[in-house]
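Chemist: let me see the structure of the following:
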Amino acid sequence: MLGTFTLTGLVIAGAFILKGRNPDGILPEYSSRSDFAEDYPGYNMDDIEYWMEDVRAISFNILDFGAIGVTLSARFAYLSAIHPRILYGNKYCWYSVAIVAILQVGITHIPGLNETIFLMRGMDGLGWGITFAFMFVVFFVMEAEKAVRRILRARGADTDDTEMGAFDDNAEANQTVDPSLPKGASNLNLVALEK
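Modeler: Take a look at the predicted model:
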């Protein structure tokens, strides 16, 4: 939930940062700039620095690169990812990060693809700067959450949710393990097993 709330807040913040750079915060569609004079009388089209398509682009990129920040932090449940160990151990994580980043930049900047399918424009340096800054904000928020969980765990708190709580279902917890599961599968602490 923390990652979701952080990402949502940063996506909204990125949109408002771009919107705030326009006169009076107006945010017209770039695709309908021919109707600009009718829709916004008294404004010069040259005064508009960012358009709705720019806001879509930064929002999409903050969301995607923020998810990369969550992924990199989540590689270790309790250990800090601010350590050289993040570079080793799971090469497929890095492959997926590279693929997602390349696809995201492509979606943002390939003419026709970005405008026609995703209704956005390529981003400028400010947009990419905000995107990467917010990716690190998400990463460090998730790292702070792990630090708090490490402290709570050291004090004896149930940070792994192994004990029954108010939201747990006693009937489900007391079910016998399906005999068709491989040996040792009952030690996985799975909430639900579905075929």
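Chemist: in the protein, which spans are helices?
Modeler: Listed in chain order, the helices of the chain (DSSP state H) span 2-20, 36-39, 52-74, 91-109, 125-154, 170-173.
Chemist: may I see these organised as CSV, with mean neighbour count, mean pLDDT and distance to Pro28 added?
Modeler: No exception for glycine: its C-beta is placed from N, CA and C like everyone else's. Formatted as CSV, the helices of the chain follow (neighbours: other CB atoms under 10 Å; pLDDT from 0 to 100; distance: least, CB to CB, whole Å):
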stretch, mean neighbour count, mean pLDDT, distance to Pro28
helix 2-20, 16, 94, 11
helix 36-39, 12, 84, 6
helix 52-74, 21, 94, 7
helix 91-109, 13, 94, 20
helix 125-154, 16, 94, 17
helix 170-173, 8, 68, 53
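Chemist: distance to Asp160 added to those helices, as JSON lines?
Modeler: Conversion of those to JSON lines gives the following (distance: least, CB to CB, whole Å):
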{"stretch": "helix 2-20", "distance to Asp160": "17"}
{"stretch": "helix 36-39", "distance to Asp160": "55"}
{"stretch": "helix 52-74", "distance to Asp160": "15"}
{"stretch": "helix 91-109", "distance to Asp160": "22"}
{"stretch": "helix 125-154", "distance to Asp160": "8"}
{"stretch": "helix 170-173", "distance to Asp160": "15"}
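Chemist: quick one, which of the ones you listed gets closest to Glu115.
Modeler: Distances from Glu115 to each of those were compared using CB to CB; the shortest belongs to helix 52-74, at 7.3 Å.
Chemist: check the offset of the closest one from the chain's centre.
Modeler: Relative to its chain's centre, helix 52-74 lies at 5 Å (CA atoms, centre = their mean, to the nearest Å).
Chemist: from the contact counts, what lies against it?
Modeler: On a contact count with 3 or more CB pairs under 8 Å, 6 or more residues apart in numbering; DSSP states H and E, helix 52-74 meets helix 2-20, helix 91-109, helix 125-154.
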